[in-house]
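> Need coordinates for the following:
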Amino acid sequence: MLHYLILTIENTLGSAILVALLFMTAYRERPKSRRSFMPAATAAGIGAALILSAVIHTTVLINREFLNIGVLSAAGIAGIIYILFLWGIFRKNAPGVHAAARDASSSLLSAILLFYCLPTVILYPTQFLLAGESVLSTDFLFKSIGYLAGLLISFLAALALFRTREGVPAPLLRVLLTAGIAVNMADQFSTIIQFLLARRIIPMSKGIFEFVKITVNYDDYFLYLIMAITLPLPFLLWAMNLRPAGRPENPAQYRKIKSTARRIRRYSTLILACYILSVISMTAVRAYDQREVTLSPAEPMNIDGVRITLPIENIDDGHLHRFAYISSEAIEVRFIVIKKNESAWGVGLDACDICGATGYYEREDEVICKLCDVVMNKSTIGFKGGCNPVPLAYAVSDGNMVIQIQDLENEQHRFK
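All right, here's what the predicted structure looks like:
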């Protein structure tokens, strides 16, 4: 739940803020006849993202690296062109061309921002279910709640920003939008540089290495900067609309002014609430979600020649039991045992083919992978697939579970 809440906010909030600023500028400075370009372009970007997500999920035709570089390059060019026209370049020489180019570049930028960030987010629900799990499971429900909460926070932040457009001075809006696009372009440039270095298209240098190192280690700071750029806005709008200026000509006009001011204050509060929730999610909630989990200590077991015997009465409580065997190469080989129902046991190594030997732990009667925080479907423990523990053969005889030592010796390489 928390994992997908954080991921969704990280991948959508920055683009949502920039798209909201683009809409604010368009609806403040364009006549109604030219406003339809923005919604149409936004819908096209979302539609293209949905199509791309379906293609990625069902085929292997798309190379995401090359596609992303092309999209980011287009976004950078559209951003530069839009900033030039936003600040009035060429306006005097060709006002008609200027207006059309500004409309086109802002609409294109809005579409590209959504087309770039949404496919990854749209595909998150495909990661919710493990093999054999049902959409009616508690784990699927919690992950869906976190995912939808992240989308809701980003959407409300963008909506609230857009709905305050009437109270934002045009020069301030222009400055905020330019700064936000510049920060986003720096993030995009970093991604392109990383790709070019990985493909050895450009040579490595000390300056490039330092730039990449900083941008990789502090990737979230690009989002924080975009939020920081727009953070003064709700405070300013609150102050400006606490006591609205102007002299109304009649009571109806006075009520309208008060109503507008009250609405702007409410949306300003919503902006702050969404930002606070986002920061908490990406800091405190992430720290909690990624907290170090200490595996329970290994329990005693009986080694009888070439086999290990575990008394059934010690392991039939339905909880996770961990055991450790020291191999002939002095490697600790861990395995887990859990009773799944009255007639079935889940027995496997404390490791999986995907996450390695990080181990599993029990939380609120659920078995969870320590590395990826995936909740295991207890009924599938003991079978291959997904993040399930590597199956371990066993037998039940004379009130004991019997495990062959040679089976553990054969798997010791997983714990090196």
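> Other residues contacting stretch 263-279?
9, 13, 153-154, 156-157, 160-161, 163-164, 166-167, 224, 227, 230-231, 233-235, 237-238, 241-242 (C-beta atoms under 8 Å, 6 or more residues apart in numbering). For glycine as for every other residue, the C-beta is placed from the backbone atoms N, C-alpha and C.
> what do you get if the cut-off is 6 Å, keeping everything else the same?
Stretch 263-279 is contacted by residues 9, 13, 153, 156-157, 160, 163-164, 167, 227, 234, 237-238, 241 when judged by C-beta atoms under 6 Å, 6 or more residues apart in numbering.
> which parts of that stretch are buried?
For stretch 263-279, burial by neighbour count (16 or more other C-beta atoms under 10 Å) applies to 264, 265, 267, 268, 270, 271, 272, 274, 275, 277, 278.
> List phi and psi for the last one.
Geometry field for residue 278 lists phi and psi as phi -70, psi -50, criterion degrees, to the nearest 10.
> Quick check: buried residues in stretch 199-216?
In stretch 199-216, counting by 16+ other C-beta under 10 Å, buried: 211, 212, 215.
> Over to residue 322: give its phi and psi.
The phi/psi pair for residue 322 (degrees, to the nearest 10) is phi -110, psi 140.
> can you tell me which of the buried residues of stretch 199-216 lies nearest to residue 141?
Distances from residue 141 to these, taken as C-beta to C-beta, are shortest for residue 215 (36.2 Å).
> ok, now which ones touch the closest one?
So, once contact is read as C-beta under 6 Å, 6+ apart, residue 215 ends up touching residue 190.
> how close does it get to residue 77?
Separation of residue 215 from residue 77 (C-beta to C-beta, to the nearest Å): 20 Å.
> swap in residue 151?
29 Å.
> and what of residue 388?
Distance from residue 388 to residue 77, by C-beta to C-beta: 47 Å.
> Of the two, give the one with the bigger neighbour count.
For residue 388 and residue 77, the more surrounded residue by other C-beta atoms under 10 Å is residue 388, and the numbers stand at 25 against 15.
> which non-adjacent residue is nearest that one?
residue 380 (5.6 Å; C-beta to C-beta, 6 or more residues apart in numbering).
> just residue 369 next, same as before
residue 387 is the one closest to residue 369 (C-beta to C-beta, 6+ apart), at 5.0 Å.
> Surely the one you found is in contact with residue 353?
No. Contact between residue 387 and residue 353 fails when scored by C-beta atoms under 6 Å: they sit 8.4 Å apart.
> Between the two, which is the more surrounded one?
For the pair residue 387 and residue 353, the greater number of neighbours falls to residue 387 (20 against 14), based on other C-beta under 10 Å.
> quick one: contacts for that one?
Going by C-beta under 6 Å, 6+ apart, the list of residues near residue 387 reads 352, 354, 369, 374.
> secondary structure class for it?
Assigned state for residue 387: coil (three-state reduction, DSSP: H, G, I helix; E, B strand; the rest coil).
> Now it. Its backbone dihedrals?
phi -100, psi 20.
> Flag the shaky bits of the stretch 101-250 of the chain, pLDDT-wise.
129-135, 244-248 (pLDDT under 70).
> where exactly do the helices run in it?
Ranges of helices in the stretch 101-250 of the chain, per DSSP state H, counting those that start in this stretch, are 138-163, 170-198, 206-217, 220-230, 232-242.
> Mind checking these for the one nearest to residue 257?
Among the helices of the stretch 101-250 of the chain, helix 232-242 sits nearest to residue 257 (C-beta to C-beta), with 9.4 Å.
> Would you mind giving the domain segments of this protein?
2-289, 302-415 (automatic domain parsing).
> where along the stretch 251-400 of the chain do the helices fall?
Going by DSSP H, counting those that start in this stretch, the stretch 251-400 of the chain shows helices at 251-280, 286-289.
> For the first one, what is the distance to the chain centroid?
Its chain's C-alpha centre lies 28 Å from the corresponding centre of helix 251-280 when counted by C-alpha atoms, centre = their mean, to the nearest Å.
> Taking helix 220-230 as reference, get the angle to it.
For helix 251-280 against helix 220-230, the angle by axes from the mean of the first three to the mean of the last three C-alpha atoms, to 10 degrees is 160 degrees.
> Determine the angle, from 0 to 180 degrees, between helix 251-280 and helix 232-242.
150 degrees.
> pLDDT of helix 251-280, averaged?
For helix 251-280, the mean pLDDT works out to 88.
> what's the answer for the last one, then?
Averaged across helix 286-289, the pLDDT comes to 83.
> Same check on stretch 343-351?
On average, stretch 343-351 scores 89.
> Buried residues, that stretch. List them.
For stretch 343-351, by 16+ other C-beta under 10 Å, it's 345, 346, 347, 348, 349, 350, 351.
> When you filter the contacts of stretch 263-279 down to buried only, what's left?
By 16+ other C-beta under 10 Å, the contacts of stretch 263-279 give 9, 13, 153, 156-157, 160, 163-164, 167, 227, 234, 237-238, 241 as buried.
> Let me have the residues you listed in a markdown table, extended by distance to residue 64.
Formatted as a markdown table, those follow (distance: C-beta to C-beta, whole Å):
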| residue | distance to residue 64 |
| --- | --- |
| 9 | 21 |
| 13 | 21 |
| 153 | 26 |
| 156 | 29 |
| 157 | 27 |
| 160 | 32 |
| 163 | 35 |
| 164 | 36 |
| 167 | 41 |
| 227 | 27 |
| 234 | 36 |
| 237 | 39 |
| 238 | 42 |
| 241 | 45 |
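> For residue 317, state which of those is nearest.
Out of the buried ones among the contacts of stretch 263-279, the member with the shortest distance to residue 317 (by C-beta to C-beta) is residue 9, at 39.5 Å.
> in a helix, that's where that closest one is, yeah?
Yes. Under three-state DSSP, residue 9 falls within a helix.
> still on that earlier bit, from residue 321, how far off is the residue nearest to residue 369?
Taking C-beta to C-beta, one finds residue 387 at 19 Å from residue 321.
> What of residue 228?
In terms of C-beta to C-beta, residue 228 sits 50 Å off from residue 321.
> likewise residue 87?
68 Å.
> how about the stretch of helix or strand residue 403 belongs to: buried residues?
For residue 403, the host element (DSSP states H and E) is strand 400-404. Neighbour-count burial for strand 400-404 flags 400, 401, 403 (criterion: 16+ other C-beta under 10 Å).
> Just give me the closest of the residues you listed to residue 198.
residue 403 (44.2 Å).
> Can you pull out the residues in contact with the longest strand along the chain?
Secondary structure of the chain read by DSSP state E shows that its longest strand is strand 332-339. Residues outside strand 332-339 that contact it (C-beta under 6 Å, 6+ apart): 315-316, 318, 320-327, 345-347, 349-350, 392, 408, 412, 415.
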